[in-house]
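Chemist: let me see the structure of the following:
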Amino acid sequence: MKLNHFLILSIGVFINALPAGAYGQRVYATVQQNGVSLPLLANIDNPQGAVDTIYTNFSTLNVSIGGVGLVYAQQNLQFTGALRPSPSSPIIIKFGAGNTLLGLVNALIVQRTNGGMNTTVGTAYSSSTLATLITSNAGSNATEVSIPIPGPNTASDGIRLRINTALGVGVAANLFYAFFIVPPIPVNTAISICEGETGLIEIANFQPGYTYLLYDSLTGGVPILSGNSQVISFNVADLSSGNYYLEAIEPGTDFASARAAIQIVKYSKPGNPDIVIHINEN
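Modeler: Okay, the predicted model is just below:
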C-alpha cells in the first residue's frame, strides 16, 4: 500500500517533524475497491498497482466493445489513515492512456466517494468538464495527467475512476494513484494584535519549498498574503478583524491543500490622552 509521506503524531501534540522533500505533505490513498458491469467484457489488471509504494506502477481498466455506455470498469482509491481529506480539500488523481486523453473524455468519469466505491459525492467530471481539467493541467496532447478534483464541501474519503463504452469501441485507462496535501497547522488559530504592530503566523508542520497563501475565504478568492518560511509576518494595517484561511502550495506542481482557519482580532491603539496641567500660582 502507498505510504503516507509524513509522521503522524498523536492528536494535540505539536507537529514539527515532517520528512524533507518536495512532496513531503502528500497523503496517498491506501485501499482500493474495483468492479465491472460484465466480467466477460470488462476487467481490471493489477488493481493493487494504484495503491502500492511504487508510484510509477498502475492498474489498467479495460472495457471491450459493447452497448454504448452499458459496459464499464471502475476503481475507487480510498484514504483510510488517521488523516483524511477535509470537505474542501482537493484530491489529486493521476491516470493515463495509450492515446491522448482528450479522445477518451466521453468514456471517462472521475468522481469523489465517501465510504466506498458505490457512494459518490460532488460533481462527476466527464466530457467537457474533464477536458477542461486535463488541458489546464497537462495540455491538449497529454497521455497522462494529474488533476485536482475540488472538494465538494461534504465528507469524502476517496475518488473513483470509471471507464465505459460510451465511444462504442474498446478502451483502456491506467490509474496510478490519488493523494491530497496536508493543510497547514497554525501554531495559533487566534491572533490578537494592536494597530501598528507586525503580526506573525507560525506554521507547525512547515515544509521547506512550499508556499503558504492567506485568503479571506475558505475556497476561491485571491490571496492577500504569501510566504515560504515557517513564520509569516504581516502588516496589521492591511487586514481587518475577521476569519482568514491559510493554504499550502506544493512546489513544482502548484497543487493546493485545504485551507486552515485563523481568526485575527485587531485592536485600535487608544488616542493620546488629554492632559491638563494646573499650576498653583500661590
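
Chemist: now the strands for the stretch 101-250 of the chain?
Modeler: 108-113, 120-125, 144-149, 158-164, 171-181, 190-194, 198-202, 211-215, 225-227, 231-235, 242-249 (DSSP state E, counting those that start in this stretch).

Chemist: what's the mean pLDDT across stretch 251-264?
Modeler: Over the span of stretch 251-264, the pLDDT mean works out to 96.

Chemist: stretch 29-40 too?
Modeler: 96.

Chemist: what's the answer for stretch 188-205, then?
Modeler: pLDDT averaged over stretch 188-205 gives 94.

Chemist: how far does it sit from the chain's center?
Modeler: Relative to the centre of its chain, stretch 188-205 is centred 25 Å away, using C-alpha atoms, centre = their mean, to the nearest Å.

Chemist: what are the buried residues along that stretch?
Modeler: Of all the residues in stretch 188-205, those buried under the rule 16 or more other C-beta atoms under 10 Å are 191, 193, 199, 201, 203-205. Backbone N, C-alpha and C define where each C-beta goes, glycine included.

Chemist: contacts for that stretch?
Modeler: The contact list for stretch 188-205 (C-beta atoms under 8 Å, 6 or more residues apart in numbering) reads 6, 14-16, 18, 25, 182, 184-187, 212, 214, 227, 230-237, 239, 246, 260-269.

Chemist: what separates the spatially most central residue of the chain from Ala248, distance-wise?
Modeler: Centre of the chain computed as the mean C-alpha position; nearest residue by C-alpha atoms, centre = their mean is Pro90, 2.9 Å away. To Ala248, Pro90 is 11 Å away according to C-beta to C-beta, to the nearest Å.

Chemist: overlap in contacts, these two.
Modeler: 181, 256-257.

Chemist: now, of those residues, which are buried?
Modeler: 181, 256-257.

Chemist: which of the contacts of stretch 188-205 fall in helices?
Modeler: If you go by DSSP state H, the contacts of stretch 188-205 have nothing in helices.

Chemist: so how do I select the buried members of the residues you listed in PyMOL?
Modeler: To isolate the buried ones among the contacts of stretch 188-205 in PyMOL, judged by 16+ other C-beta under 10 Å, type:
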select buried, resi 6+15+18+25+182+184+185+186+187+212+214+227+230+232+234+236+239+246+260+262+264+266
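
Chemist: hmm, back to that, of the buried residues of stretch 188-205, closest to Gln74?
Modeler: Asn205 (33.9 Å; C-beta to C-beta).

Chemist: that closest one and Gly199, how far apart?
Modeler: Applying C-beta to C-beta to Asn205 and Gly199 gives a distance of 20 Å.

Chemist: can you list the weak-confidence ranges in the chain?
Modeler: Flagging of the chain using pLDDT under 70 yields the residue ranges 1-22, 67, 271-274, 276, 278, 280-282.

Chemist: how many neighbouring residues does the spatially closest residue to Asp216 that is not a sequence neighbour have?
Modeler: In this structure, Asp216 finds its nearest non-sequential neighbour in Tyr244, 5.7 Å apart by C-beta to C-beta, 6 or more residues apart in numbering. A count of nearby residues for Tyr244, using other C-beta atoms under 10 Å, gives 23.

Chemist: again with Gly242
Modeler: Gly242 has 11 neighbours, counted by other C-beta under 10 Å.

Chemist: got a list of what it touches?
Modeler: 216, 263-264.

Chemist: Pro148 now?
Modeler: 90-92, 133, 137, 255-256.

Chemist: got a markdown table for these, with distance to Pro223 and secondary structure too?
Modeler: Listed next are these as a markdown table, based on distance: C-beta to C-beta, whole Å; DSSP: H, G, I helix; E, B strand; the rest coil:
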| residue | distance to Pro223 | secondary structure |
| --- | --- | --- |
| Pro90 | 16 | coil |
| Ile91 | 22 | strand |
| Ile92 | 20 | strand |
| Leu133 | 22 | helix |
| Asn137 | 20 | helix |
| Phe255 | 15 | coil |
| Ala256 | 11 | strand |
